[in-house]
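Peer 1: fold the following, please.
(one chain, ligands or ions: 1)
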Amino acid sequence: MWDGSARLRADSTSPTPTICIDPGHPSEVGRGASGKHTTEIHVVWVVANKLKTILEKRGYRVVMTKTAEEQFVRNRARAEVANHAHAALMVRLHCDSGSESGIAVFVPEKQGVSEGVRGPTTEVIASSIRMGKVFHAALVKSLAGSLADRGLRPDAASRVGARQGALTGSVFSHVPVVLVEICVLSSPHDERFIITDSGKNAVARALANAVDAAVLKHD
Ligand SMILES: [Zn+2]
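Peer 2: Residues are numbered from 1 along each chain as shown. You can find the predicted model right below:
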């Protein structure tokens, strides 16, 4: 594992990149997925805080969209936190349910409409796709053997994205955005992995490596 903080400090002419971490739910779309033993809200809250700690050690500034696990924040407001912070990247954390197993990354590939607003811009779409490719590759490389790779997918392949054209958090984002479905909680294999502290640590480390790859090495 290479030391991202050394890279950040060595390049003193660049400002410290800000990363916005968005632990999903509760929001206007509800409380999200549940497994037999844990919930999406809990998993992504714990992983988000572990990721924040790692990124700050590596020299990033981090903003979070929530300050407490049970805090209700609408998805539009979550995007506005990233916009206000001028984040280099917004990382949205979720867990899925369904018949699949593994980790997936979603990026906006076209504009959508939410609350009468069309977005994101073509520039945000292009940068999200470019950074999303690098982010996804680094993420699944770090988690090989632990979580299966469900691929890099367009927002429109998600339930809300299919209806709107893009996810609400993408429509309102003025910064590059990726949404990670960390695992599938209805998969017994995935739940057994993510319920452990070591599983959450492994995902947080992999996410930090993916941020490094996307923010520092994407050009
Ligand atoms: Zn979710």
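
Peer 1: what's the following helix or strand after the helix-or-strand element of the chain with minimal mean pLDDT?
Peer 2: Across the helices and strands of the chain, mean confidence by mean pLDDT, DSSP states H and E is lowest for helix 4-10: a mean of 52. Using DSSP states H and E, the helix or strand that follows helix 4-10 in sequence is strand 18-23.

Peer 1: what packs against the helix or strand that that following strand is followed by?
Peer 2: Next along the chain after strand 18-23, taking DSSP H and E as the criterion, comes helix 40-57. Helix 40-57 is packed against strand 18-23, strand 61-64, strand 89-96, strand 177-184, helix 197-216, with contacts defined by 3 or more CB pairs under 8 Å, 6 or more residues apart in numbering; DSSP states H and E. No exception for glycine: its C-beta is placed from N, CA and C like everyone else's.

Peer 1: at 10 Å instead, please
Peer 2: helix 4-10, strand 18-23, strand 61-64, strand 89-96, strand 177-184, helix 188-194, helix 197-216 (3 or more CB pairs under 10 Å, 6 or more residues apart in numbering; DSSP states H and E).

Peer 1: and the ones you listed, which is most packed in?
Peer 2: When you average the neighbours per residue for each of the helices and strands packed on helix 40-57 (mean count of other CB atoms under 10 Å), strand 177-184 leads with a mean of 28.

Peer 1: closest to the ion out of the helices and strands packed on helix 40-57?
Peer 2: For the helices and strands packed on helix 40-57, proximity to the ion was assessed by CB to the ion; strand 89-96 is nearest, at 3.5 Å.
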